[in-house]
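Undergrad: Mind folding the following:
(chains A and B)
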Amino acid sequence: GENVEQHPSTLSVQEGDSAVIKCTYSDSASNYFPWYKQELGKGPQLIIDIRSNVGEKKDQRIAVTLNKTAKHFSLHITETQPEDSAVYFCAASRTGAGSYQLTFGKGTKLSVIP
Amino acid sequence: DSGVTQTPKHLITATGQRVTLRCSPRSGDLSVYWYQQSLDQGLQFLIHYYNGEERAKGNILERFSAQQFPDLHSELNLSSLELGDSALYFCASSVGLAGGDEQFFGPGTRLTVL
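TA: As a prediction, this is how the structure comes out:
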């Protein structure tokens, strides 16, 4: 089955700096890579996702890059703000008809210091 | 608010007992996924239901079972509870069966087994 490794497990940055979280996956057939943000006491919320037909996707201060050859993908948050403090999870799955479940990394706790 | 509801929010029980967790998916979503989140294991996929039928099983113990009813709400039953079953339990819903559909997470049920 799929295995997703996520690093670092904790990350502290100064407000305004950038944060980068990296994930690797094992199943070469995986082609859907979402990122979830989980705030304290809440369920995970999708913030951005990327599919294997593109190498990069941006949404305002958030970007994700994908290297299918190396089987890794990364989340980049620029101009970090205190409200970005949360736990971030990467995940991977196959797509298409059929039940393909998400395999999650173990999470990165991001702290943005004002 | 994701539109996914879970009850109860908190549950405290004793070892050996049985509990039922309830999930109502977003309006129109036919798939329900159950996940267990513990500190050392991250988000672990348990089981997936689509339109009342079980579609995939993950790391779900034999003491655990689930079902999805005709109105599409789902219940996760946990029996012969052990201390190690203490965790956050999330359900998520998506519109269809295909992998790569966005999953919307509920707020979770925190289970404490004493």
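Undergrad: residue in chain A nearest to chain B?
TA: A:Tyr100 (2.9 Å; CB to the nearest CB). The way it works is simple: take the backbone N, C-alpha and C, and place the C-beta from them, glycine included.
Undergrad: With adjacent residues omitted, what lies nearest to that residue?
TA: With CB to CB, 6 or more residues apart in numbering or on different chains as the measure, B:Gly99 is the residue that lies nearest to A:Tyr100, at 2.9 Å, once sequence neighbours are left out.
Undergrad: in the sheet, who's paired with that neighbour?
TA: Here B:Gly99 sits in beta bridges with A:Gly96, as judged by DSSP bridges.
Undergrad: Surely it and A:Ala92 touch.
TA: No - using CB atoms under 8 Å, B:Gly99 makes no contact with A:Ala92, being 10.3 Å away.
Undergrad: show me what contacts B:Ser2?
TA: If you count contacts by CB atoms under 8 Å, 6 or more residues apart in numbering or on different chains, B:Ser2 has them with A:43, A:45, B:26, B:104-106.
Undergrad: did I read that right, it in a strand?
TA: No - per DSSP: H, G, I helix; E, B strand; the rest coil, B:Ser2 lies outside any strand segment and is coil.
Undergrad: Quick check: phi and psi at it.
TA: Reported as degrees, to the nearest 10, the phi and psi values for B:Ser2 are phi -80, psi -20.
Undergrad: any idea how far it lies from A:Val64?
TA: 21 Å (CB to CB, to the nearest Å).
Undergrad: hmm, back to that, between B:Gly99 and A:Ala92, which one's more packed in?
TA: In this comparison of B:Gly99 against A:Ala92, neighbours counted by other CB atoms under 10 Å in any protein chain shown, the higher total goes to A:Ala92 at 25 against 19.
Undergrad: so where does the more buried one fall, helix or strand?
TA: Element membership for A:Ala92, per DSSP states H and E: strand A:86-92.
Undergrad: Give me the helices and strands touching that strand, please.
TA: Judged by 3 or more CB pairs under 8 Å, 6 or more residues apart in numbering or on different chains; DSSP states H and E, strand A:86-92 is in contact with strand A:4-7, strand A:19-25, strand A:32-38, strand A:72-77, strand A:103-104, strand A:108-113.
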